[in-house]
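Participant: This is a predicted model, with the sequence first.
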Amino acid sequence: MKILNNSFTVSTNKRNELVDITDKVKKVIAESGISEGNVIVYCPHTTAAITINENADPDVVHDILLTLADLIPQNKSGYQHSEGNSDAHVKSSILGCSQTVLIDNGQMQLGTWQGIYFCEFDGPRRRTVLVQITGQ
Amino acid sequence: MKILNNSFTVSTNKRNELVDITDKVKKVIAESGISEGNVIVYCPHTTAAITINENADPDVVHDILLTLADLIPQNKSGYQHSEGNSDAHVKSSILGCSQTVLIDNGQMQLGTWQGIYFCEFDGPRRRTVLVQITGQ
Amino acid sequence: MKILNNSFTVSTNKRNELVDITDKVKKVIAESGISEGNVIVYCPHTTAAITINENADPDVVHDILLTLADLIPQNKSGYQHSEGNSDAHVKSSILGCSQTVLIDNGQMQLGTWQGIYFCEFDGPRRRTVLVQITGQ
């Protein structure tokens, strides 16, 4: 059983944006040679997140970002954090900073419509994603 | 150290429903023979989720579903996804598509009141749950 | 490859409070002797959660708690659970009961601004946090 650590960068272009990183994760798994196990995709930033959702119709991503923006406005009476990105911190905790996907026969066991997204909530920025693969 | 993959199906009966799958996960662990490690419970669907919460008083589940429905309505001005289930996709990302539970002495280390739920947000449907057990 | 289970307690002082437990988790990792792998931080309570967010400016924690309180009020028309803590159960599922952090060279791979928080939503109470370290 092996544990391999890797990482890649993501450049975001908007303040709020979901970037499909499925292919980048697949590439890391292929290079690892691990065929049975799991992969942890981890975001080391506090104004971003990792989520798994539909990557067929881009309108799904639109509707996720719209709903989050309506629930968690950028400017809100009572916010104390002075950087103007409190909303981004809240969204980060609500979606979570990592996701785990199973690997079987060398393939991630994503559902038919599932893709892995890097969630930018305070862009544009250059971001890092950590990847750990455990298995054999 | 071993990694074992398994799965089971869940039939849901309502559009929004939390189905207690704790016993199904326990059965997979018992069959695995693994007594120290952890179990990942993974939902490969983009309009459903996995969560852990109280399974003693069913009113807790009622109140979770009520709150999610109030925050994330099925029909909302601005939704672009044409399938009428944007709310289900949002709920899926907010609760998350997997949960990890520790295993010690052959038993899941759930708290006294914790159960594992499959969260249906676009049912009724027949769904699949993936289970991966790592340990010895 | 080893799997080690440990735990510690957290005493909370308010109904809603985020307690920084990063140093407690670091101590468990240092004692484990594991330098490559990952750590799962797990909350066995259904009215609390674990999250990762900024631990530099305490105003970030204030704004997270404020936003959650506005979205998920303690008293809400329609709640059926009679203990008066339905909001705490909802917050628990939304933030999630565990977080996984990677370990490399004996150090948690937290981002510059990331800390691990125990999230109390129905305190004050004395709580338990489970920690599992897998690696070599």
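Facilitator: Structure received.
Participant: A:G37 contacts A:T134, doesn't it?
Facilitator: Yes. Here A:G37 lies in contact with A:T134, judged by C-beta atoms under 8 Å, at a distance of 4.9 Å. (C-beta placed from N, C-alpha, C; glycine too.)
Participant: When those two are compared, which one has more neighbours?
Facilitator: A count of neighbours by other C-beta atoms under 10 Å in any protein chain shown puts A:T134 above the other of A:G37 and A:T134, at 25 against 22.
Participant: shared neighbours, A:G37 and A:T134?
Facilitator: Shared contacts of A:G37 and A:T134, defined by C-beta atoms under 8 Å, 6 or more residues apart in numbering or on different chains, are found at A:M1, B:T134.
Participant: Quick one: mean pLDDT for stretch A:29-47?
Facilitator: Across stretch A:29-47, pLDDT averages out at 98.
Participant: Tell me where chain A has strands.
Facilitator: A:2-11, A:17-20, A:37-42, A:48-54, A:98-104, A:107-108, A:114-120, A:126-135 (DSSP state E).
Participant: which strands and helices sit next to the last one?
Facilitator: The one in question is strand A:126-135. Identification of packing neighbours for strand A:126-135 by 3 or more C-beta pairs under 8 Å, 6 or more residues apart in numbering or on different chains; DSSP states H and E yields strand A:2-11, helix A:22-32, strand A:37-42, strand A:114-120, strand C:37-42.
Participant: hmm, the last one touching chain B?
Facilitator: Yes. Looking at strand C:37-42 against chain B by C-beta under 8 Å from any C-beta of the partner chain, the contacts come from C:I40, C:Y42.
Participant: relative to strand A:37-42, how tilted is that strand?
Facilitator: Strand C:37-42 and strand A:37-42 meet at an angle of 70 degrees, taking axes from the mean of the first three to the mean of the last three C-alpha atoms, to 10 degrees as the criterion.
Participant: just the CA coordinates of strand C:37-42, formatted as PDB?
Facilitator: Listed next in PDB are the C-alpha coordinates belonging to strand C:37-42 (Å, rounded to 0.1, in the frame of the first residue of the first chain):
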ATOM      1  CA  GLY C  37      -0.400  10.000   5.300                       C
ATOM      2  CA  ASN C  38      -3.500  11.800   6.500                       C
ATOM      3  CA  VAL C  39      -5.500  12.600   9.600                       C
ATOM      4  CA  ILE C  40      -9.300  12.400   9.900                       C
ATOM      5  CA  VAL C  41     -10.800  14.700  12.500                       C
ATOM      6  CA  TYR C  42     -14.200  13.400  13.500                       C
END
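Participant: Looking at chain A, which residue is nearest chain B?
Facilitator: Nearest residue of chain A to chain B: A:G111, at 3.1 Å (C-beta to the nearest C-beta).
Participant: What about that residue, how many residues nearby?
Facilitator: Look at A:G111: counted by other C-beta under 10 Å, it has 18 neighbours.
Participant: before we move on, what about A:A30?
Facilitator: Residues near A:A30, counting by other C-beta under 10 Å, number 11.
Participant: list the contacts for it?
Facilitator: With contacts defined as C-beta under 8 Å, 6+ apart, the neighbours of A:A30 are A:G106.
Participant: hmm, 10 Å instead?
Facilitator: For A:A30, the contacting residues are A:G106, A:Q107, taking C-beta atoms under 10 Å, 6 or more residues apart in numbering or on different chains as the criterion.
Participant: ok, now A:S82?
Facilitator: Counting by C-beta under 10 Å, 6+ apart, the residues that A:S82 touches are C:D57, C:D59.
Participant: Just the pLDDT at A:R127, thanks.
Facilitator: 98.
Participant: what's the burial count for the residue lying closest to it once chain neighbours are set aside?
Facilitator: Distances taken as C-beta to C-beta, 6 or more residues apart in numbering or on different chains put A:V10 closest to A:R127, at 4.8 Å, once the chain neighbours are dropped. Using other C-beta under 10 Å, the number of residues around A:V10 comes to 18.
Participant: Quick check: A:V10 vs B:N75, distance?
Facilitator: Between A:V10 and B:N75 the computed distance is 33 Å (C-beta to C-beta, to the nearest Å).
Participant: re the thing from before, now the residue of chain A closest to chain B: closest residue in space that isn't a chain neighbour?
Facilitator: For A:G111, ignoring the flanking residues on the chain, the nearest one in space by C-beta to C-beta, 6+ apart is B:P44 at 3.1 Å.
Participant: Please tell me how far that neighbour sits from C:W113.
Facilitator: Counting by C-beta to C-beta, the gap from B:P44 to C:W113 is 33 Å.
Participant: Who has more neighbours out of those two?
Facilitator: Higher neighbour count among B:P44 and C:W113: B:P44, with 21 against 17, using other C-beta under 10 Å.
Participant: looking at it, the more buried one is touching B:S7, isn't it?
Facilitator: Yes. Here B:P44 lies in contact with B:S7, judged by C-beta atoms under 10 Å, at a distance of 8.9 Å.
Participant: can you list residues touching both of these two?
Facilitator: With the criterion set as C-beta under 10 Å, 6+ apart, the overlap between the contacts of B:P44 and B:S7 is A:L102, A:Q109, B:T128, B:V129, B:L130.
Participant: On the pLDDT front, check the residue sitting nearest the centre point of chain A for me.
Facilitator: Nearest to the mean C-alpha position of chain A, by C-alpha atoms, centre = their mean, lies A:I50 at 2.2 Å. Reading off the confidence values, A:I50 has pLDDT 98.
Participant: list the contacts for A:H62?
Facilitator: When contacts are counted by C-beta under 10 Å, 6+ apart, A:H62 is found next to A:L18, B:G78, B:Y79, B:Q80, B:H81, B:S86.
Participant: Now with 6 Å, please.
Facilitator: Contact partners of A:H62, counting by C-beta atoms under 6 Å, 6 or more residues apart in numbering or on different chains, are B:Q80.
Participant: The residue in chain A that chain C sits nearest to and A:K27: what is the separation?
Facilitator: Scanning chain A for the residue nearest chain C gives A:P44, at 3.0 Å (criterion: C-beta to the nearest C-beta). From A:P44 across to A:K27, the span is 20 Å (C-beta to C-beta).
Participant: and what of A:D57?
Facilitator: Computed with C-beta to C-beta, the distance linking A:D57 and A:K27 is 24 Å.
Participant: Run a quick check on A:N53 versus B:I94, I expect a contact.
Facilitator: No. Under the contact definition of C-beta atoms under 6 Å, A:N53 does not touch B:I94, with a separation of 10.4 Å.
Participant: If anything else comes up later, I'll come back, but that's it for now.
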